[in-house]
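A.B. asks: sequence and computational prediction follow.
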Amino acid sequence: MSMNKVTFVLAMVAVHMTGCAKHELDTATLTTNPFDKDYDGAAVFALIDASTEIEQVNSIPVRVLTVRVRVHTEYFGRPTTYIVASSTAGDIPSNNIPDGVLTLRVLNVEPGDLECTELRLKNDGALGAGNTICATAE
Amino acid sequence: MLVDPGHNFSFVVDKKHRMQQREVKLSEGLHHFSIWAPERMIVDTNVFVVAGRTSDFVLQLPYSPEYVSYRTALGRYETRKRVARSLPSIATAGSLIWTGIAFGKYQKARDVLKVDEETYTIEVDPASIRTLKEETIPAHNQDLRKARVGLYSAIGATALTGAITYYLFKRSASWERPTMEDKQKVIFDGLVWSPGEKGGMLHVGLSIPLAR
């Protein structure tokens, strides 16, 4: 074997060894799963619209802010049932969220009130990613 | 004549007649034989021939000291060459096997991390994701680092043993193979030995081709 061949083989080994360092998995880069609390992708919950209506609750007129929120289930890695943990309405299972549209109702609002709700995905008692949805009462 | 070795011996009768046959007809009386075969000693002996009788002549030619020395030196040479070539070759083969196994382990460790990555993508349980990121993947990264160290060690060992093997093959190729100087043949071919009371005499035979 000539020196050129030996050098070539050693160079290939060096290239291979350099490539080996790239095969470790950096957990800091794993941020694409919405069920991960470190998720930093597009917002899972997005405001569709909000409306304010006067409703009768126990024969008492109450101003209600209704907020419709889109749950972007297409960001999930696979189709699954889930729970949305709401800071104002508690846990809402996915079977109460038809077509991925979550409806939140805030009672006794005054016109101009800014109502914010923190929403987070939840499964098996643990919280995943989320974001805050705000709407203004009219 | 029953001479060991039986196929290629030669003899000189009465210091004159060089022959290679198994049967020889001689006149009555005492005759001198110088018998030789390649790698053997020249043996001088006298045979008394009785008229009208056929006799068997049995002789075992001993190996010459040069041949014995040559065989010993050749054996040493071959053993040395075999060791110089086989040991590093075995070490290189072992290192190659080690490299193959280490590479397999490394690939396996990589595959495990690929599965972890896929699991992360499809996992829907936040607690499982936390365990995956905080415990499982770091442990598998550690396994990969260990496998990589093993692979580097194996590649290094293979390169080193390969280089040693290459060097020893090259070097052993230049080792001089022992040769035998068959002094007995020189004596037998060129000279005719006449044993005597004071050690004997060598009769020199000289042939000059006069064809041209």
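C.D. replies: Perfect, I can see it now.
A.B. asks: so which helix or strand takes in B:Val83?
C.D. replies: Taking DSSP states H and E as the definition, B:Val83 sits inside helix B:65-122.
A.B. asks: tell me how far that helix is from the chain's mean position?
C.D. replies: Between the centre of helix B:65-122 and the centre of its chain there are 22 Å (C-alpha atoms, centre = their mean, to the nearest Å).
A.B. asks: what does stretch B:60-70 give?
C.D. replies: Using C-alpha atoms, centre = their mean, the distance between the centre of stretch B:60-70 and that of its chain works out at 20 Å.
A.B. asks: cool, and stretch A:70-88?
C.D. replies: For stretch A:70-88, the separation from the chain centroid amounts to 7 Å (computed by C-alpha atoms, centre = their mean).
A.B. asks: which residues does it contact?
C.D. replies: When contacts are taken as C-beta atoms under 8 Å, 6 or more residues apart in numbering or on different chains, the neighbours of stretch A:70-88 outside the stretch itself are A:33-35, A:41-48, A:91-95, A:97, A:100-102, A:104, A:106, A:115, A:117-123, A:127, A:130, B:121-124. (Each C-beta comes from the backbone N, C-alpha and C, glycine too.)
A.B. asks: B:Tyr120: how many residues sit nearby?
C.D. replies: By the other C-beta atoms under 10 Å in any protein chain shown criterion, the neighbourhood of B:Tyr120 contains 23 residues.
A.B. asks: got a pLDDT number for the residue positioned nearest the centre of chain B?
C.D. replies: For chain B, the residue lying nearest the average C-alpha position, counting by C-alpha atoms, centre = their mean, turns out to be B:Glu78 (3.6 Å). pLDDT, the model's per-residue confidence, is 95 for B:Glu78.
A.B. asks: can you list the residues of chain B near chain A?
C.D. replies: Neighbours of chain A within chain B, by C-beta under 8 Å from any C-beta of the partner chain: B:106, B:110, B:113, B:116-117, B:120-130, B:133-134, B:137-138, B:140-141, B:144-145, B:148, B:151-152, B:155, B:159, B:166.
A.B. asks: again, 6 Å this time
C.D. replies: B:110, B:113, B:117, B:120-122, B:124-127, B:129, B:133, B:137, B:141, B:144, B:148, B:155 (C-beta under 6 Å from any C-beta of the partner chain).
A.B. asks: what's the PyMOL syntax to select whichever of those are buried?
C.D. replies: The PyMOL selection below is limited to those of these classed as buried (16 or more other C-beta atoms under 10 Å in any protein chain shown):
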select buried, chain B and resi 110+113+120+124+125+126+129+133+137+141+144+148+155
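A.B. asks: returning to what we had before: following the helix holding B:Val83, which helix or strand shows up next?
C.D. replies: Scanning forward in sequence from helix B:65-122, with DSSP H and E defining helices and strands, the next element found is helix B:126-131.
A.B. asks: in chain B, what residue sits furthest out from the centroid?
C.D. replies: What lies farthest from the middle of chain B is B:Pro126; by C-alpha atoms, centre = their mean that is 69.4 Å.
A.B. asks: ok, that one - contacts?
C.D. replies: A:35, A:126-128 (C-beta atoms under 6 Å, 6 or more residues apart in numbering or on different chains).
A.B. asks: mind checking which of those residues are buried?
C.D. replies: Under a neighbour-count criterion of 16+ other C-beta under 10 Å, the subset of the contacts of B:Pro126 counted as buried comprises A:35, A:126, A:128.
A.B. asks: hmm, back to that, tell me the one of the contacts of B:Pro126 nearest B:Leu74?
C.D. replies: Closest approach between the contacts of B:Pro126 and B:Leu74, by C-beta to C-beta: A:Phe35, at 77.4 Å.
A.B. asks: SS state for the closest one?
C.D. replies: Three-state secondary structure (criterion: DSSP: H, G, I helix; E, B strand; the rest coil) places A:Phe35 in coil.
A.B. asks: now B:Ile35: which helix or strand?
C.D. replies: When secondary structure is defined using DSSP H and E, the element that contains B:Ile35 is strand B:29-36.
A.B. asks: what are the contacting residues of that strand?
C.D. replies: For strand B:29-36, with C-beta under 6 Å, 6+ apart as the criterion, the contacting residues are B:10-14, B:42-49, B:188, B:193.
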